[in-house]
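Chemist: Predicted model and sequence below, questions to follow.
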Amino acid sequence: MQVLRGIRPAPAYDVVGMSENKIDFLGIGAQKAATSWLYENLQRHPDIWLPPIKELHYFDRSPHYPSPSHLSTDHLLHRLLGRERFNKQFRKNLHGDLKASISAKDWQTVAWLLHYYLGTYGDHWYFSLFRPADGKLKGEITPSYSILDLRDVAHIRGIVPDLKIIMILRNPIERAWSHLRFISMLGMFKDINDLDKARQFIDSDDQSLRGDYVRTLDIWHACFPEEQIYIGFFEDVQRDPGKLITDIYNFLGVHSRFAVDRMKVKTKVNAAKSVNMPAEISYYLAEKYHPMLKKLTAMVGGYSIAWLTMAEKILSRTQLF
């Protein structure tokens, strides 16, 4: 398979022996495609353990990625004093997570958080984060892993060859609009109808990588066999979430007859406020993603066929730009 875009410099990794305690699965995205819903529902299974925080951002910690992780700095003193954006984010996350756990008197989580934030980063450290799993199936969900380059994904394959990968796809047009609404809700984007700023956001390296599902699947399929990669669709989260989570349990090899609470499994998590997409933005997104969608339909089929049809209907309207 063709792997798109250049390879970024890789961060330093430990050399991990095969006897090292490993993980069983990774959720790699897509962002704004029900990854928080997935985290909540996997966490509810009695035979699955996930970390106290959803996104560990270990494998995407290189500052060369367009959305650098708060783990980008190896040296603790630099993390605590550095003026870089990712070091400021590190301190903000550290303070917020510790404050919440201390307020709840959850001392086990406090100890885990101190190890996570103040440890010496490397593969051994990363795997040690999963020691509380105590025999359960263990993994984590970081949507930014969908933007990893081939070198980092190959490293993951090298240290966890039997790893199972979960990716939930969402119509890239709707995914980008949902992300735009979400950052607007957080106050990071003042006017959601500002077309010029919306274009800048849509065309940023970060958003372009997150919406390029063909690139993501090419890279992960280049390193992992097809049977170790589960591809789901956002529409199934909306239409039959019980069946979807049961299918994922089966894929992971845990007891699928675990009682699924239909009310909880249907609960939206971190959903952005609903706002109608302006015609100009929908056209711009359809034009951007139409070539990728044509390739995606041949790769995965399913709902991606309807996404392509939607994009072509939008593009058939009067050209707006």
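Modeler: Received it, and whenever you're ready, just let me know what you need.
Chemist: mind listing the helices for the stretch 1-150 of the chain?
Modeler: In the stretch 1-150 of the chain, the segments counted as helices under DSSP state H, counting those that start in this stretch are 35-43, 76-81, 85-103, 107-118, 123-128, 150-159.
Chemist: Export these to a markdown table and append columns for mean pLDDT and distance to S256.
Modeler: The way it works is simple: take the backbone N, C-alpha and C, and place the C-beta from them, glycine included. Output for those, formatted as a markdown table (pLDDT from 0 to 100; distance: least, C-beta to C-beta, whole Å):
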| stretch | mean pLDDT | distance to S256 |
| --- | --- | --- |
| helix 35-43 | 95 | 13 |
| helix 76-81 | 94 | 41 |
| helix 85-103 | 96 | 32 |
| helix 107-118 | 97 | 29 |
| helix 123-128 | 96 | 27 |
| helix 150-159 | 97 | 26 |
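Chemist: among those, which is the most enclosed?
Modeler: Counting by mean count of other C-beta atoms under 10 Å, helix 35-43 has the highest mean neighbour count of the helices of the stretch 1-150 of the chain, with a mean of 21.
Chemist: Centre of the chain to that helix, how far?
Modeler: In terms of C-alpha atoms, centre = their mean, to the nearest Å, the gap separating the centre of helix 35-43 from the centre of its chain is 12 Å.
Chemist: same thing with stretch 295-302?
Modeler: Using C-alpha atoms, centre = their mean, the offset of stretch 295-302 from its chain centre is 20 Å.
Chemist: What residues sit buried inside that stretch?
Modeler: Neighbour-count burial for stretch 295-302, counted by 16 or more other C-beta atoms under 10 Å, picks out K295, L296, T297, V300.
Chemist: now swap in stretch 156-170 and tell me
Modeler: Taking 16+ other C-beta under 10 Å as the criterion, stretch 156-170 shows I156, R157, I159, V160, L163, K164, I165, I166, M167, I168, L169, R170 as buried.
Chemist: quick one: D152 and F59 touch, right?
Modeler: Yes - applying C-beta atoms under 8 Å, one finds D152 in contact with F59, separated by 5.4 Å.
Chemist: Let me know the distance separating the spatially most central residue of the chain from E84.
Modeler: Most central in the chain under C-alpha atoms, centre = their mean is P143, positioned 0.7 Å from the mean C-alpha point. Here the criterion is C-beta to C-beta, to the nearest Å. By it, P143 lies 22 Å from E84.
Chemist: Next: F130.
Modeler: 28 Å.
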